[in-house]
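Q: need a 3D model of the following:
(one chain, ligands or ions: 2)
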Amino acid sequence: MIRVQEITKKYARNLAVDHISFEVQKGEIVGFLGPNGAGKTTTMRMLTCFLPPTSGTATVAGFDVLEQPLEVKKRIGYLPEMPPLYPEMGTAEYLSFVGKLKGLSGAELSKRIDYVCERCAIADVKKKLLGRLSKGYRQRVGLAQAIIHNPDVLILDEPTAGLDPKQINETRDLIRGLAGDHTIILSTHILPEVEQTCQQVIIINKGKLVATDTVQNLQSRARGAESVLVEVAGRNGNLNSASVQHRLEQIAGVSRVSLKESRDSRNIFEIESQKNFVRGDLARAVVESGWDLNELRSAAMSLEQIFLQLTREEAASEPEKLAAKGAIAYLLLTMFAVIFGFFFWNSLGYFVIRTMEAQMSGQTFPVNLNEYIIRPLLSNVSVIGLFFIPMITMRLFAEEKRTGKFRVPL
Ligand SMILES: Nc1ncnc2c1ncn2[C@@H]1O[C@H](COP(=O)(O)OP(=O)(O)OP(=O)(O)O)[C@@H](O)[C@H]1O
Ligand SMILES: [Mg+2]
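A: Ligands and ions are numbered 1, 2, ... in the order given. The predicted structure follows:
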C-alpha cells in the first residue's frame with residue numbers, strides 16, 4: 001500500500017531524512033518510532049505530499065507522491081503534529097468544510113460528520129468554536145478531520161499527544177478499529193502504545209532507519225538479550241562480592257555481571273546473558289559455591305530498552321566525527337590566518353621602511369611595478385583577509401552552536 005524507496009530530505013545543510021526505505025502492506029498499523037528530531041514528521045510530510053523529497057520515491061496506493069499528488073491526497077487522511085484548525089470556526093462547521101474539500105456532500109457528508117464526532121468523542125463540542133477548545137479536544141477534532149472521508153491510508157503524527165489517559169485508550173481502540181480497512185502509520189514516543197496498537201515498527205534515528213520489524217520479533221529480540229537479577233547471601237554472615245562476581249562471570253553465556261546493591265552479607269547482581277542462556281547454571285553455580293540463593297528474577301529487556309539501545313548505538317560514533325570536522329575547520333582557518341598575516345606584516349613593514357627611507361633621504365624612488373602594483377594589492381588582500389578571519393570564525397561558531405556541535409579541538 002505504501003512503498004518508500006531511498007527517500008531523502010535535506011533542509012539546507014541538515015539531512016533530516018537519509019535514504020529511508022520501507023513498505024507497509026494494506027490493513028497494517030505501523031508504529032513510527034524515533035527520538036525528537038529523528039525525522040518522523042518530515043517523512044510523514046513527504047508521504048502526504050506536503051514536502052517534496054530531495055531524492056528517492058514514495059508511492060501510496062500505487063500513486064507517486066511527486067507525480068500524482070492529487071490522487072495520493074484523495075487516499076490519505078493526515079493528522080499533522082499541530083492540527084490545522086481555524087479558531088473562528090465551529091467544530092461541525094469545520095468538519096463540514098474539510099468534508100467538502102475532500103469531495104463529500106449532502107446526506108453523505110452529514111452522516112460522516114455524525115460518525116466521526118461519535119468515534120472521536122467530540123459530539124458534545126459540535127457547536128463550540130475551535131479556538132475555545134482544550135488541547136485534547138483540538139487533537140480529537142484533528143483526528144476526526146483526518147478520517148472524515150474514510151481514506152485508505154491514515155498518517156497520524158503523534159495522535160495521542162495531549163490526551164487524557166481515558167482518551168488515549170479510546171483513541172488507541174479507535175485506531176485499532178480502523179485497521180484492516182485502513183492502512184495506518186502513526187508516530188509516537190509512547191512505547192506501550194506501539195506494543196498495544198501496532199503490528200510493525202519502524203525505528204529511525206537522526207534521519208536513518210535503524211530497525212524495521214514486527215512488534216513480536218522486536219520483543220523476542222528483547223527477550224533474547226536477557227538480563228537477570230540474582231540476590232546472593234553468605235551463609236556465615238560474610239560474603240566476598242568480588243569472588244561471587246568472578247564466579248558468576250565464569251558461567252558460559254554470561255556477557256556482563258554488575259553489582260547492583262550490597263547490604264550486610266547480601267549482594268544483588270545484574271547479569272546480562274546471551275540467548276539460550278540457562279538460568280539453572282546460575283543457580284547451581286551459586287549453591288555449589290556454598291552461598292545462598294535468595295532470589296533469581298528475570299529483568300527482561302523491554303521494547304523501550306531495545307529502542308534506547310538501537311538509538312544509542314547509532315549516536316555513539318558521532319562525537320568523533322564532529323570533533324574531526326571542527327579540527328579541519330580550525331586547521332584551515334589557521335592556515336588562512338598565517339598566510340594572510342605573513343603578507344600583511346611583510347607589506348606593512350616594507351611600506352614603513354620605504355617611507356622612512358624616502359623621508360630621510362628626501363628622494364623619490366623610481367616607479368617600480370612590484371612596489372606600486374603588487375605590494376599594495378597584496379597588502380589590501382591581507383587587510384580583507386583580516387576581516388574575513390573573524391567573520392568566518394564567528395559564522396562557524398554560530399553554526400556549530402546552533403546545531404549543537406560546538407567543539408573546541410584544542
Ligand atoms: N522546516 C524545516 N526547516 C529546517 N529544518 C527542519 C524543518 N523541519 C524540520 N527540520 C529539521 O529536520 C530534522 C527532523 O525533524 P522532524 O520534525 O522530522 O523530527 P521528528 O522526528 O518529527 O521529531 P519530534 O519527535 O520532535 O516531532 C530536525 O533536525 C529538524 O530540526
Ligand atoms: Mg515530529
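Q: all helices for the stretch 101-250 of the chain, in order.
A: 106-119, 135-147, 165-178, 191-197, 215-224, 241-249 (DSSP state H, counting those that start in this stretch).
Q: next, format the ones you listed as CSV and append mean pLDDT, distance to ligand 2 and mean neighbour count.
A: Bear in mind the C-beta positions are built from the backbone N, C-alpha and C, glycine included. Formatted as CSV, those follow (pLDDT from 0 to 100; distance: least, CB to the ion, whole Å; neighbours: other CB atoms under 10 Å):
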stretch, mean pLDDT, distance to ligand 2, mean neighbour count
helix 106-119, 92, 24, 16
helix 135-147, 90, 14, 23
helix 165-178, 83, 17, 16
helix 191-197, 80, 15, 19
helix 215-224, 69, 21, 16
helix 241-249, 89, 43, 15
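Q: dump those helices into CSV; add distance to residue 311 as well.
A: Formatted as CSV, the helices of the stretch 101-250 of the chain follow (distance: least, CB to CB, whole Å):
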stretch, distance to residue 311
helix 106-119, 34
helix 135-147, 26
helix 165-178, 23
helix 191-197, 12
helix 215-224, 13
helix 241-249, 28
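Q: low-confidence stretches in the protein?
A: Low-confidence segments of the chain (pLDDT under 70): 219-226, 274-278, 299-305, 309, 312-326, 364-369, 371-373, 376-377, 382-384, 401-410.
Q: correct me if wrong: residue 198 contacts residue 32.
A: No: at 9.0 Å, residue 198 does not count as touching residue 32 under the criterion of CB atoms under 8 Å.
Q: tabulate the helices of the stretch 101-250 of the chain (TSV), appending distance to ligand 1.
A: Output for the helices of the stretch 101-250 of the chain, formatted as TSV (distance: least, CB to the nearest ligand atom, whole Å):
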stretch	distance to ligand 1
helix 106-119	25
helix 135-147	14
helix 165-178	17
helix 191-197	13
helix 215-224	19
helix 241-249	40
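Q: which residues are common contacts for residue 198 and residue 32?
A: Residues touching both residue 198 and residue 32 by CB atoms under 8 Å, 6 or more residues apart in numbering: residue 186.
Q: tell me which element the residue lying closest to residue 350 once chain neighbours are set aside is part of?
A: Of all residues not flanking residue 350 in the chain, residue 375 sits nearest, at 6.5 Å (CB to CB, 6 or more residues apart in numbering). In the assignment (DSSP states H and E), residue 375 maps to helix 375-402.
Q: buried stuff in that helix?
A: Across helix 375-402, burial judged by 16 or more other CB atoms under 10 Å covers 375, 378, 379, 382, 385, 389, 396, 400.
Q: cool, stretch 147-165 as well?
A: By neighbour count on 16+ other CB under 10 Å, the buried set for stretch 147-165 is 147-149, 151-161, 163.
Q: what's the closest of the residues you listed to residue 229?
A: residue 160 (32.3 Å; CB to CB).
Q: strands of the protein, start to end?
A: Using DSSP state E, the strands of the chain run over 2-11, 14-24, 29-33, 55-60, 63-64, 76-79, 153-157, 183-188, 200-205, 208-214, 226-233, 254-263, 266-273, 292-298.
Q: how about those in a markdown table, adding distance to ligand 2?
A: Converted to a markdown table, the strands of the chain look like this (distance: least, CB to the ion, whole Å):
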| stretch | distance to ligand 2 |
| --- | --- |
| strand 2-11 | 13 |
| strand 14-24 | 10 |
| strand 29-33 | 9 |
| strand 55-60 | 17 |
| strand 63-64 | 24 |
| strand 76-79 | 12 |
| strand 153-157 | 6 |
| strand 183-188 | 6 |
| strand 200-205 | 11 |
| strand 208-214 | 16 |
| strand 226-233 | 31 |
| strand 254-263 | 35 |
| strand 266-273 | 33 |
| strand 292-298 | 35 |
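Q: how about those in a markdown table, adding distance to residue 331?
A: Below are the strands of the chain laid out as a markdown table (distance: least, CB to CB, whole Å):
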| stretch | distance to residue 331 |
| --- | --- |
| strand 2-11 | 26 |
| strand 14-24 | 24 |
| strand 29-33 | 39 |
| strand 55-60 | 32 |
| strand 63-64 | 45 |
| strand 76-79 | 47 |
| strand 153-157 | 42 |
| strand 183-188 | 41 |
| strand 200-205 | 30 |
| strand 208-214 | 29 |
| strand 226-233 | 45 |
| strand 254-263 | 40 |
| strand 266-273 | 42 |
| strand 292-298 | 52 |
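Q: ok, the one residue in the stretch 1-150 of the chain that gets nearest to ligand 2 to residue 48 distance?
A: Nearest residue of the stretch 1-150 of the chain to ligand 2, counting by CB to the ion: residue 41, 3.2 Å away. Here the criterion is CB to CB, to the nearest Å. By it, residue 41 lies 10 Å from residue 48.
Q: stretch 36-53: end-to-end distance?
A: 20 Å (CA to CA, to the nearest Å).
Q: and the gap between the nearest residue to residue 160 once chain neighbours are set aside and residue 143?
A: Sequence neighbours aside, residue 168 is the residue nearest to residue 160 in space, at 4.7 Å (criterion: CB to CB, 6+ apart). Distance, residue 168 to residue 143, by CB to CB: 12 Å.
Q: nearest the geometric middle of the chain, what residue?
A: When CA atoms, centre = their mean is applied to the chain, the residue found nearest the centroid is residue 38 (1.7 Å).
Q: quick one: contacts for that residue?
A: So, once contact is read as CB under 8 Å, 6+ apart, residue 38 ends up touching 204, 205, 206, 207, 311.
Q: can you add neighbour count and distance to ligand 1 and give those back as JSON lines?
A: JSON lines is the format used below for the contacts of residue 38 (neighbours: other CB atoms under 10 Å; distance: CB to the nearest ligand atom, whole Å):
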{"residue": "204", "neighbour count": "27", "distance to ligand 1": "7"}
{"residue": "205", "neighbour count": "21", "distance to ligand 1": "9"}
{"residue": "206", "neighbour count": "18", "distance to ligand 1": "8"}
{"residue": "207", "neighbour count": "21", "distance to ligand 1": "7"}
{"residue": "311", "neighbour count": "19", "distance to ligand 1": "11"}
